[in-house]
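A.B. asks: give me the fold of what follows.
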Amino acid sequence: MKKYIILSVVLLLLTASCSTNDDNNNEQREETQGVRFTINEEGFGADTELTRSAVTAQPQIIDVGDCEAEISIENAPAEKQPATRGVTTPVHYTIRAYLSSGVLKDEIKGTFTPTGFTPDAGYNAYMLLGRNHTYTFICFNDKVTPNGNNLDVTLANAKDARIGRQQIAISTANQTINLSSKHAGCRIQTKILCKKDIPTAITATFASRGANVPQTVSYDPSTNTYTATNGSFAPEANNSPASTEAKYTASNYGQNYSYTSTSTDYHYVLPTTDAKNLQLNFTGGTIFWKPLNSSMPGLSTASTSLVANGSYTIN
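C.D. replies: Sure, this is the predicted structure:
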């Protein structure tokens, strides 16, 4: 009886052992490779041509006190960036890699400098990713707040928040991927053009028109779209100098819009902001011998949605 029990136990162990070995032999291990990263920080307007192009189809007419203003919105030339295009000062980033299914495969955090990358404690300096896959890489700086897979940006961080998104196929060798980081917000500058010289500086405020301007946006990397939570914001200074063009002759004695006053102030808003929900309130200055002290209600009569990393001039 004792011999029978011992033999049964031995047979059971052998059976379990064989089963485990079969599973290990049949398992297909995915081959991986090391992926390292560099970061390029793009300037505002980098996605548009340097030559100015109209955003609105044609100029729009808006009443401004006892006169009319013709308004147009155009893409401004790209913000000038260092020739190297890489980071110029230490900046902290998070980088995520997603499969096409939306599954997060890896994440690293660390500081990029002009000379390299230093990972945070507990993170590698590289990712181990499966070969022959296409990944969606997302990078963002500390002005962006992770919210699950989504990324949130507040209006206060519209100038400095950066997000990058690129889809890249991984081959069969270790490689370094150069990620392009862009502004999550967009910037606006105003310019006044006139047929007569503008003799004094113009003072104004840039403000929201009602509670219809994004205060926060949530970026969904799977769809590359922003969802906004709207509100209003406090007026900001929007001042511009007197014109410097020669009186009378510069406009061929009033035939052309040759006198300009470009604001020295940039304004930063979030993507999906509609230009028709922004306004200028003039508080000082003179045009055509008259004081300029009225409002320009809406910087567009048609719905005009501004996009991330855009740079705009409103004429």
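A.B. asks: low-scoring pLDDT stretches of the stretch 1-150 of the chain, where are they?
C.D. replies: Within the stretch 1-150 of the chain, the ranges that satisfy pLDDT under 70 run 1-28, 48-58, 65, 81-85.
A.B. asks: mind doing that once more with 50?
C.D. replies: Counting by pLDDT under 50, the stretch 1-150 of the chain contains low-confidence ranges at 1-27, 49-51, 57.
A.B. asks: show me where it has strands.
C.D. replies: 32-41, 53-54, 60-64, 67-71, 73-75, 91-98, 104-113, 116-119, 127-130, 134-141, 145-147, 150-154 (DSSP state E, counting those that start in this stretch).
A.B. asks: mean neighbour count and distance to Gln279 added to those strands, as JSON lines?
C.D. replies: (Glycine included, C-beta is placed from N, CA and C.) Output for the strands of the stretch 1-150 of the chain, formatted as JSON lines (neighbours: other C-beta atoms under 10 Å; distance: least, C-beta to C-beta, whole Å):
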{"stretch": "strand 32-41", "mean neighbour count": "18", "distance to Gln279": "32"}
{"stretch": "strand 53-54", "mean neighbour count": "11", "distance to Gln279": "21"}
{"stretch": "strand 60-64", "mean neighbour count": "15", "distance to Gln279": "10"}
{"stretch": "strand 67-71", "mean neighbour count": "14", "distance to Gln279": "11"}
{"stretch": "strand 73-75", "mean neighbour count": "19", "distance to Gln279": "14"}
{"stretch": "strand 91-98", "mean neighbour count": "19", "distance to Gln279": "35"}
{"stretch": "strand 104-113", "mean neighbour count": "16", "distance to Gln279": "39"}
{"stretch": "strand 116-119", "mean neighbour count": "14", "distance to Gln279": "44"}
{"stretch": "strand 127-130", "mean neighbour count": "16", "distance to Gln279": "47"}
{"stretch": "strand 134-141", "mean neighbour count": "20", "distance to Gln279": "31"}
{"stretch": "strand 145-147", "mean neighbour count": "13", "distance to Gln279": "29"}
{"stretch": "strand 150-154", "mean neighbour count": "20", "distance to Gln279": "22"}
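A.B. asks: okay if I get those strands as CSV plus distance to Ala237?
C.D. replies: Converted to CSV, the strands of the stretch 1-150 of the chain look like this (distance: least, C-beta to C-beta, whole Å):
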stretch, distance to Ala237
strand 32-41, 27
strand 53-54, 27
strand 60-64, 19
strand 67-71, 20
strand 73-75, 21
strand 91-98, 29
strand 104-113, 34
strand 116-119, 39
strand 127-130, 45
strand 134-141, 27
strand 145-147, 28
strand 150-154, 21
